[in-house]
Structure formats: C-alpha cells, structure tokens
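> sequence and predicted structure are below.
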Amino acid sequence: MMTENKKSTRDAFIDGLLSVGEGNRKIVTVAADSQSRYGSFVNLYRERSFNVGIAEQSMIGIAAGLALAGKIPVVTSYANFLTFRACEQIRVDIAGQNLNVKIVGTDTGFSSEWLGYTHMALEDVASIRSIPNVVIIDPADYNEAFAATRAAFEYKGPVYLRLRGRKKENLVYDRIQDFQIGRGNVLRKGKDAVVISSGGAVYDSLKAVDLLRQNGINAALIDMASIRPLDDELILNFVSKIKTVVTVEDHNIVGGLGSAVAELLSENTRDTTLLRLGVKDSFGTAGTDEMLKKKFMLDTDGIASGIRSFIENHR
C-alpha cells in the first residue's frame, strides 16, 4: 500500500546496517572519505570502521582483503565513482573471487540534482551488469531498502545496492516483512500491459498506472528491485497472457532494467512488444529531481503518456 510519508533510502541503509551490525562483529565498513553514509555505525563501532580517504579503488582493494580475512565488508560512495572509477577493482578483486563484499552506490538516478552529470549515476547498473557474480538490488523506497540491506548481508557473495541521495522520498510500501533476492513484487494487476519498474521510478510508475486506470487502460505493475537475478518466472508468467511490456527506470535504457527484460523476452517469447522508458542514451544534467524527471518524461504524467501512446500505437 502506498502512503504519502517520506523517508530516504540512504537512511534505510544506515538503519539496516545498524540492525545487522550490532549482532555480527564480522561486519566492517570501509569509506572513501564518506563515513557520514554509515551514520552512527562509525561512532558505535570505531574498531570496525575504516576510512581510506578519497580513494575508491583502494577502498575496494582493502575490502577484498578484509573479506579474504573472514570479515563482511561494506563499501559506499557516489555510485558513479564506485562503478566507473573502481570498476576494474570490483571486477578483479571482488567479483572475480566471488567475495562477500557489499557495495552500496548512493545518489543514483537524478538524486544528485545540481551536481550535474559528473555525479549523476545513470549508467551504474549497466557497468555492474557487465560483471559476473554481482547481485544488483534497486529498492523502491525506505522500507524496501531497509529489508534489502538486511537481505544483502544474509546473502553470501558480492551485492550492489543502489540507493538515492539524502532527500526524503514518498513511500511505496507501508512495510516489508522480508526481501527476497531474485523475486519481484506485483503492485497492481491488469490486462492491457505489464509495467516493470525499479528504484526511484517505482513511485511515479505506480501513480502513472493509477492515472491510466482513470482513462480506461488497465495495466499491471511489477516492482523489480532485484535486477540481477531477475525474476524470470514472474515476468514470463505475465507475458504469457499480456503481450505489451513497458520497463521504467531512473537509468539509461542501455544496459539497465530495460535491457535485462529485453534480453529475457527476446530469448523466451514471441509476439511481445516492449517499450523501455528511461534516459535514452544521453547524459543527465544539473537540476532538481522533479525538473529532471519532467525533462526525461519520467514523472507521473510522462510515464502515463508514454505507456498510453505505446498501447494505442500497437492496437
């Protein structure tokens, strides 16, 4: 159920980290001069908190060493710095050895706002999807991010957790009992199209689907926070009955959720039409989250308009 309360996914990660970190002394944090992203954990557990300065590549290497020593390290920074500046280290040091490291990228989508495209992570999922072994989770709101954080630490292996910035966001869920990696969540049932969304795009997708219902278009909506592994079974079950599919993401349509769904459909289905809504092979720019969603037609009205036009053109 959707509410109008607002909380940030970054706060959800901190709360989730504290909830699992208290009882598990193997959990350690490594920061690239970004210890504030761990909240009070660094003050409560100073002996388990390390700061390497603005050196993301070194941070990944140190985390790999800690994992080899039996610890469960978590690293965090701006998502674009992690997934591009330290991409080789993630690939070789962590994924190549399938180490139990949790990688938390923040300020994804448009949430870095006025910092512009240098800090705007719109290609981070594509980068990590190109690397084997790494689970990718893109939660929709505070409650899903809290549950996903706990699930990430329960999972043995590398996980990339995709979060937004400090800004508080609308909640999609009143609560989530647990989060299952590899499972999507059906938010709306429908017959005219199936909309698959993740992360910061889920709330606006939900509002768009509800808006379309007022205009006679009955679309289903799946929150696919688990981008890898994807919930193949759930998607293919829907597509066996509904041939119109739309993906929505606050990410470039190349390499992200839309690409993952396109790959699944192309290999397993026939006569399916797919629309990918997201940033269309371009960079982001400076502006508020609201301004940029509108610019890229990823606000409620833009998503609804895109889905409506696609359905009408394929009738």
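Perfect, thanks for sending it. Numbering: from 1, shown residues only.

> what sits against Asn24?
By CB atoms under 8 Å, 6 or more residues apart in numbering, Asn24 lies in contact with 72, 153. Where C-beta positions appear, they are placed from N, C-alpha and C, glycine not excepted.

> just the buried residues of stretch 84-103, please?
84-87, 89-91, 93-95, 99-103 (16 or more other CB atoms under 10 Å).

> what sits against the residue most central in space within the chain?
Using CA atoms, centre = their mean, the residue of the chain that lies closest to the mean C-alpha position is Asp138, 1.7 Å off. By CB under 8 Å, 6+ apart, Asp138 lies in contact with 108, 125, 162, 198-199, 225, 227, 249, 257.

> how about 10 Å then?
Contact analysis of Asp138 by CB atoms under 10 Å, 6 or more residues apart in numbering lists 9, 105, 108-109, 124-125, 144-145, 148, 160-164, 197-202, 223-228, 249-251, 256-257.

> domains of the chain?
Residue ranges for the domains of the chain, per automatic domain parsing: 8-170, 185-313.

> out of those domains, which comes closest to Asp178?
domain 8-170 (5.9 Å; CB to CB).

> now do the helices in the stretch 201-315 of the chain.
For the stretch 201-315 of the chain, applying DSSP state H, counting those that start in this stretch gives helices covering 202-213, 232-239, 257-268, 289-295, 300-313.

> check which residues of the second one are buried.
Read that as helix 232-239. In helix 232-239, counting by 16+ other CB under 10 Å, buried: 234-235, 238-239.

> can you give me the neighbour number for the closest residue in space to the residue nearest to the centre of the chain that isn't next to it in sequence?
Residue nearest to Asp138 in three dimensions, not counting chain neighbours: Gly199, with 3.8 Å by CB to CB, 6 or more residues apart in numbering. A count of nearby residues for Gly199, using other CB atoms under 10 Å, gives 31.

> isn't Gly199 right up against Leu298?
No: judged on CB atoms under 10 Å, Gly199 makes no contact with Leu298 at a distance of 11.1 Å.

> joint contacts of those two?
With CB under 10 Å, 6+ apart as the test, Gly199 and Leu298 both reach 109, 248-251.

> for these, which one is nearest Phe50?
Gly109 (28.2 Å).

> surely the closest one and Leu257 touch.
No: using CB under 10 Å, Gly109 is not in contact with Leu257, being 11.9 Å away.

> and Ser127, how many neighbours?
For Ser127, using other CB under 10 Å, the count is 20.

> quick one, what contacts it?
By CB under 10 Å, 6+ apart, the contact set of Ser127 is 79-80, 82-84, 87, 90-91, 105, 121, 160, 255.

> in strands, which of those residues fall?
105, 160 (DSSP state E).

> re the thing from before, give me the phi and psi for the residue nearest to the centre of the chain.
Main-chain torsions, Asp138, degrees, to the nearest 10: phi -130, psi 80.

> distance of it from Asn268?
Distance of Asp138 to Asn268, given as CB to CB, to the nearest Å: 22 Å.

> if we can go back for a sec, okay, and the common contacts of Gly109 and Leu257?
Both Gly109 and Leu257 are in contact with 138, 199, 201, 249-251, 278, where contact means CB under 10 Å, 6+ apart.

> any chance of a markdown table for those residues, columns distance to Leu264 and pLDDT?
Formatted as a markdown table, those follow (distance: CB to CB, whole Å; pLDDT from 0 to 100):
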| residue | distance to Leu264 | pLDDT |
| --- | --- | --- |
| Asp138 | 16 | 98 |
| Gly199 | 18 | 97 |
| Ala201 | 18 | 98 |
| Glu249 | 15 | 98 |
| Asp250 | 20 | 97 |
| His251 | 17 | 97 |
| Gly278 | 17 | 98 |
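
> can you pick the most crowded of these?
That'd be Asp138 among these, by other CB under 10 Å, with 35 neighbours.

> measure it to Val202 for me?
From Asp138 across to Val202, the span is 9 Å (CB to CB).
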